[in-house]
Every structure is written in structure tokens, then in C-alpha cells.
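Participant: fold the following and give me the result.
(one chain, ligands or ions: 2)
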Amino acid sequence: MIKVIDPRPSVVSQRLSGVKKIIAVTGFKGGVGKSGLSCALSLAFTEKGFKTGLFDLDFSGASDHLILGAGNLFPREEKGLLPPYAHGIKFMTASYFSSNKAIALRGASIACAIKELFTVTIWGELDYLILDMPPGVSDAAFEVMNLIPSAVLLPVQTPCGLSAEVLKRSLEVYEKGKFKIPGIVQNMAVSKEKGFYSQIFYDKKWPKAAGKADKLIKTSFYADAFRLACKLDKDGSL
Ligand SMILES: Nc1ncnc2c1ncn2[C@@H]1O[C@H](COP(=O)(O)OP(=O)(O)OP(=O)(O)O)[C@@H](O)[C@H]1O
Ligand SMILES: [Mg+2]
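Facilitator: Ligands and ions are numbered 1, 2, ... in the order given. A predicted model of the protein is given here:
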């Protein structure tokens, strides 16, 4: 029998060898604020002077380019793909390859495409790489976690009871994988609550600022995300 060897996982670890910390922003329900938080954290780490990358891994609903107002970029090819800069962030997204259309792929094909993109993307030296994770406990999410076992998982939930319940069950799956999970981020918070790693308060200006980075950084959402970036940076357990 011929043993088939997939060289990509070892290439991926080489490609990421210059990246100091990888933070995977995840949430086990849709619309909880993963993309907004991924963009805000990337802007915040960049503002703090860190070399930062952002990878939008939500193939069917890529939206970071819309939030950042970075729709006209495209990676350069040089023995791999060099992500272009969006507001100082090295930015990679499946939307470069979809001509702004929905990508109709089954879960296993999305997982394969994610592996390909990780294999060809040249990040170089980075202090932080933020991953806007595919939603849920899916083929695509498992692919990322298998490729990057060193990633820190940052789960986001909203005050909605259902979101909390689904997150609890899903976290049990990831805890078996021994990923570092500093705590849960509550987004769209309406009152101070204990037990969260961080709270991002509801901010009606945030959705209106989408697409305009100069406006995004003036919102209270961004101020909360900036505080979270500072906490993550100081957290010696990560
Ligand atoms: N703290 C907040 N205050 C007000 N609006 C918010 C807040 N967080 C997110 N939103 C809004 O909620 C919507 C969903 O946010 P976002 O796209 O970041 O979520 P998501 O988890 O990435 O969603 P999806 O599962 O579709 O990828 C957006 O319109 C966003 O502007
Ligand atoms: Mg999203």
C-alpha cells in the first residue's frame, strides 16, 4: 500500500514560525461579534506598536474587509502570498478570491481551502496574528485548531442565554484539545457582570462606523477592545 503524505501541516508551521502569538477569536453562534472584535483587536495591537496580522477564515461570510474598509486590496505573489496592509495590519481573507460573491463549498472543501491558504501565506515576523474563526464547531474550525495547536482561543458570547449555553457545550469540545483559553469575552454587554475575561459594551455607533477605520477607533467598542488587547498582552499565562 502506498502511504500518502500531506506535507502541508509542516509547511504551515514553518510559515508561522515568525509569529509570536496567535489569537483565535471564536464564537459558537453567528452574529456575536467575532469579526468586529477581530478587527478591533488587530487595530488595537497595531496602535500599541505591535506587528499584527489578521486572517479572516470565515469563508462563507467573510466580512473583515467590509468592517475595515479594505475592499480594494490583493495579496502579492512571491514564492507564496504576501498579505497586503490594511491600516498597518497584514490582512489575509478568503474574500480576495471570491470576487465579492458567496463561496459555495461544503465543510470539508472549506477546511481544505483553509489549509491551502495557511500553506501559501507568508506572514513573516509578527507579534500577533488574529484569526477570525469560522463559526461553530465545524470542519473548518477543527482544521484550524489541528493546524495551529498553539493558538490561544478567545471565545465571544452575548448576554443572550442561548449563546451562553451553546458556548458552554462547545467549549467542552475545545478543552479536550488542551487549547489555552484565557476566559470568555462578553460582547454587547448592557451591565457590568463578573466572571468574564472582558466585557465589550453595546455601542450603537459601532455598526455605523463599519468601513471607516478612522471612525471605528473613536467608538467605545474600540476602547473596550483596546483594553482587552492590553490585558491579553500583559497576561503571562498565554
Ligand atoms: N458591541 C456591539 N455593539 C453594537 N453592535 C454590535 C456590537 N458587536 C457587534 N455588533 C453588531 O452585530 C453585528 C454582528 O457582528 P459581527 O459581524 O462582528 O459578528 P460575527 O460573530 O462575526 O457574525 P458572523 O457569525 O455572521 O460572522 C454587526 O452588525 C455588528 O456591527
Ligand atoms: Mg463574522
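
Participant: which of the helices or strands spans the residue in the chain that ligand 2 sits nearest to?
Facilitator: As assessed by CB to the ion, ligand 2 sits closest to Ser35 within the chain, at 3.2 Å. Backbone N, C-alpha and C define where each C-beta goes, glycine included. Ser35 belongs to helix 34-47 when assigned by DSSP states H and E.

Participant: next: Asp6.
Facilitator: Here Asp6 is covered by no helix or strand, with elements defined by DSSP H and E.

Participant: how much space separates it from Pro149?
Facilitator: 16 Å (CB to CB, to the nearest Å).

Participant: the chain: strands as residue ranges?
Facilitator: 19-26, 52-56, 76-77, 81-82, 85-86, 89-93, 126-132, 152-157, 185-189, 198-201 (DSSP state E).

Participant: pLDDT on the last one, on average?
Facilitator: This points to strand 198-201. Strand 198-201 comes out with an average pLDDT of 98.

Participant: tell me the residues of this protein that contact ligand 1?
Facilitator: Residues of the chain lying close to ligand 1 (CB under 6 Å from any ligand atom) are 27, 30-36, 58, 61, 63, 135, 187-188, 200, 202-203, 206-207, 221.

Participant: drop anything exposed from the residues you listed.
Facilitator: Among the residues of the chain next to ligand 1, those buried by neighbour count (16 or more other CB atoms under 10 Å) are 27, 32-36, 58, 61, 63, 135, 187-188, 200, 203, 206, 221.

Participant: which of the residues in the helix or strand bottoming out on mean pLDDT in the chain are buried?
Facilitator: Here the helix or strand of the chain ranked lowest by mean pLDDT, DSSP states H and E is helix 161-176, holding a mean of 75. Of all the residues in helix 161-176, those buried under the rule 16+ other CB under 10 Å are 163, 166-167, 170-171, 174.
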